[in-house]
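J.: have a look at this prediction, sequence included:
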Amino acid sequence: MESTPTPTRTTPPATRKVVIAGGGYAGTTLAVRLAKALRPGDNIEIVLIEPNPCQQALSELDLVAVGPARAEFCELWLPTLFKNLPVTVCYNRLHDVRPDDHVLTVGPRSGPHEEVAYWRLVLATGAIAFIPPVPGLAEYAVTMWSVADAQELQRRIEAQFRIAAMLADREARRMALSFAVIGGGATGVEIIGTLGQMLPKRMLEAGLDPADLKIRLIEGRPDVLYDLPEQLREKARGRLARLGIELVTGSMVSSVESDRVNLANGDVIDASVLVFCGGAKPDPDAVTWGMQIDPTGRLIVGQTCKTSGYDDIYAIGDVAAFRDPKDNRTLPMLAQFAIREAEETADNLIREARGEQPTPFVPNMHGEFVSIGPSWGVGWAFKAHLSGLPAIMMKRMTYLMYWFSVGGIKLTWKRTREMLSMQR
Ligand SMILES: Cc1cc2nc3c(=O)[nH]c(=O)nc-3n(C[C@H](O)[C@H](O)[C@H](O)COP(=O)(O)OP(=O)(O)OC[C@H]3O[C@@H](n4cnc5c(N)ncnc54)[C@H](O)[C@@H]3O)c2cc1C
């Protein structure tokens, strides 16, 4: 007689803990997309480690630094975002990774640390402002890498308005109202553009004469916005000139004093308020985690965004060095790539949980837009060159798409209303 096979009880696999370190563009996108894609059988628990209660949308900082936006405009509150999603947010920092033990530690730089074992770890700790060792630069310039930086610039602008209001001597007033930005890349141009459009209005409101205002953009190379084609750079230069912004190009900064910038060619630029937008470097802690890094300190990742040699650790966004297979160049530090890498990684985590192979990330740049003032932009999309209102609308559209992907229709509508009120 044939024996009846004993029914086997399938024990559910142990919970797979996915830990995401960093809740910026990359980490937030990943956590939201993964949480929304989960099915009960996936058995995934999502933990997001981020020291700040809100994500800072860095690409909109200029609007907070000089107006017209309030700080909240570029902050996404994580407690609101994750209220109805299966994501546990740990408001702390990733302290260390022990990749061979599949364990990380969480906690302050000095103090007690908690160990967390992970099934998959995603490193998305971003980058910080890079300040070269130019005498006086770190002391006198404000960088533009956080809402706190934007508020510091706001504070310095207001302080100079107060000083200028009390000065009877015109030359002294002009000195007090001299503003300069170092760095002619997209970040520097966006800040200077917003200064150029907004400061005259704010001066009129404060009873000051906009004719006393001096705004200069300092760039060591011969031109600004090198990532854009020459035709668009020309339009950008025209816009900057119309805003009364002077371009100082072709000489590096040799030192900075409290109210001036000294250039290597001997020129001296007045700057009572100075902003430094000269570059970024990856999260400096990344070099301590025992994974391979490239010469700039970014974590080397393969085509599926997994770190070199560790099958259970992904790295995405600014902290990761992903080489585009089309030209073998490392992707630039841009939100659009951070978001795309995060989307692909969320899908790959689901694939892995369901026993499938992760698929390669295929980067594509469909466009690039730079704002020069809150109501004017320049850039390209799908080979079409745009400037003025259409370009700024395209730039704002990318914000809307991001807000929609993480916050849904409610957040998108709220931000759209705020944006429309700024165009007036
Ligand atoms: C002023 C400015 C304007 C920009 N404009 C544009 C633009 O117009 N278009 C564009 O595509 N890109 C733009 N960028 C670049 C873009 O903002 C970055 O590429 C993007 O923020 C990268 O996303 P990320 O998630 O990798 O890093 P981030 O957004 O920087 O997020 C990193 C997160 O990691 C957290 N973190 C750091 N260390 C730890 C730790 N040890 N543990 C836990 N969490 C940690 C941080 O608190 C932060 O929240 C701009 C950048 C700046 C500064």
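T.: Perfect, thanks for sending it.
J.: in the protein, which residue sits nearest the ligand?
T.: Closest approach between the chain and the ligand, counting by CB to the nearest ligand atom: Gly24, at 1.7 Å. Quick note: C-beta positions are derived from backbone N, CA and C, even for glycine.
J.: identify the residues contacting that residue.
T.: Residues in contact with Gly24, defined by CB atoms under 8 Å, 6 or more residues apart in numbering, are 55-56, 58, 124, 126, 317-318, 338.
J.: ok, now how distant is it from Thr330?
T.: According to CB to CB, to the nearest Å, Gly24 and Thr330 sit 19 Å apart.
J.: repeat for Pro374
T.: Going from Pro374 to Thr330 by CB to CB gives 32 Å.
J.: same question for Ser272.
T.: Separation of Ser272 from Thr330 (CB to CB) stands at 38 Å.
J.: between the two, who's got more neighbours?
T.: Higher neighbour count among Ser272 and Thr330: Ser272, with 22 against 15, using other CB atoms under 10 Å.
J.: so which helix or strand takes in Leu76?
T.: Assigned by DSSP states H and E, Leu76 falls within strand 75-77.
J.: per-domain residue ranges of this structure.
T.: With domains defined by automatic domain parsing, the chain comprises 16-129+281-365, 137-278, 366-424.
J.: want to throw these into CSV with mean pLDDT?
T.: Output for the domains of the chain, formatted as CSV (pLDDT from 0 to 100):
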stretch, mean pLDDT
domain 16-129+281-365, 95
domain 137-278, 97
domain 366-424, 90
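J.: how about the residues of the stretch 51-200 of the chain near the ligand?
T.: Residues of the stretch 51-200 of the chain lying close to the ligand (CB under 6 Å from any ligand atom) are 51-52, 58-59, 61, 93-94, 124-127, 144-145, 187.
J.: helices along this structure, start to end?
T.: All helices of the chain, identified by DSSP state H, fall at 25-37, 61-65, 78-81, 137-140, 147-166, 170-176, 186-205, 230-242, 335-353, 389-423.
J.: now the second one: how far from the chain's centre is it?
T.: Think helix 61-65. Here helix 61-65 shows a centroid-to-chain-centroid distance of 13 Å under the convention CA atoms, centre = their mean, to the nearest Å.
J.: so what does it touch, helix or strand wise?
T.: Applying 3 or more CB pairs under 8 Å, 6 or more residues apart in numbering; DSSP states H and E, one finds that helix 61-65 contacts helix 147-166, helix 186-205.
J.: most tightly surrounded among these?
T.: Of all the helices and strands packed on helix 61-65, helix 186-205 has the most neighbours on average by mean count of other CB atoms under 10 Å, namely a mean of 22.
J.: now do that one: which elements does it pack against?
T.: Helix 186-205 is packed against helix 61-65, helix 147-166, strand 178-182, strand 214-219, helix 230-242, strand 245-249, strand 367-371, with contacts defined by 3+ CB pairs under 8 Å, 6+ apart.
J.: run the last query once more with 7 Å
T.: When contacts are defined as 3 or more CB pairs under 7 Å, 6 or more residues apart in numbering; DSSP states H and E, helix 186-205 packs onto helix 61-65, strand 178-182, strand 214-219, strand 367-371.
J.: tell me how many other residues crowd the residue nearest to Cys54 when sequence neighbours are not counted.
T.: Closest residue in space to Cys54, ignoring its immediate chain neighbours: Glu75 at 4.1 Å, by CB to CB, 6 or more residues apart in numbering. By other CB under 10 Å, the residues close to Glu75 number 17.
J.: go on, Arg70?
T.: Counted with other CB under 10 Å, residues neighbouring Arg70 total 11.
J.: gap between the residue lying closest to it once chain neighbours are set aside and Arg340?
T.: The shortest distance from Arg70 to any non-neighbouring residue, by CB to CB, 6+ apart, is to Val64 (7.0 Å). Distance, Val64 to Arg340, using CB to CB: 25 Å.
J.: more neighbours: those two, which one.
T.: Legend: neighbour count by other CB under 10 Å for Val64 and Arg340, higher for Val64 (24 against 21).
J.: around the ligand, pick out the residues from the stretch 251-400 of the chain.
T.: Counting by CB under 6 Å from any ligand atom, the residues of the stretch 251-400 of the chain close to the ligand are 283, 285, 317-318, 333-336, 338.
J.: same thing but at 5 Å, please
T.: Neighbours of the ligand within the stretch 251-400 of the chain, by CB under 5 Å from any ligand atom: 317-318, 333-336, 338.
J.: residues near Ala37, how many?
T.: 14.
J.: contacts only, for it.
T.: Contacts for Ala37 (CB atoms under 7 Å, 6 or more residues apart in numbering) come out as 346, 350.
J.: quick check: it vs Gln303, distance?
T.: Counting by CB to CB, the gap from Ala37 to Gln303 is 21 Å.
J.: skipping adjacent residues, who's closest to Gly379 in space?
T.: Nearest residue to Gly379, sequence neighbours excluded (CB to CB, 6+ apart): Phe369, at 3.3 Å.
J.: and Thr88, by the same measure?
T.: Of all residues not flanking Thr88 in the chain, Val47 sits nearest, at 5.0 Å (CB to CB, 6+ apart).
J.: which residues does Gly388 contact?
T.: Shown in contact with Gly388 (CB under 7 Å, 6+ apart): Trp376.
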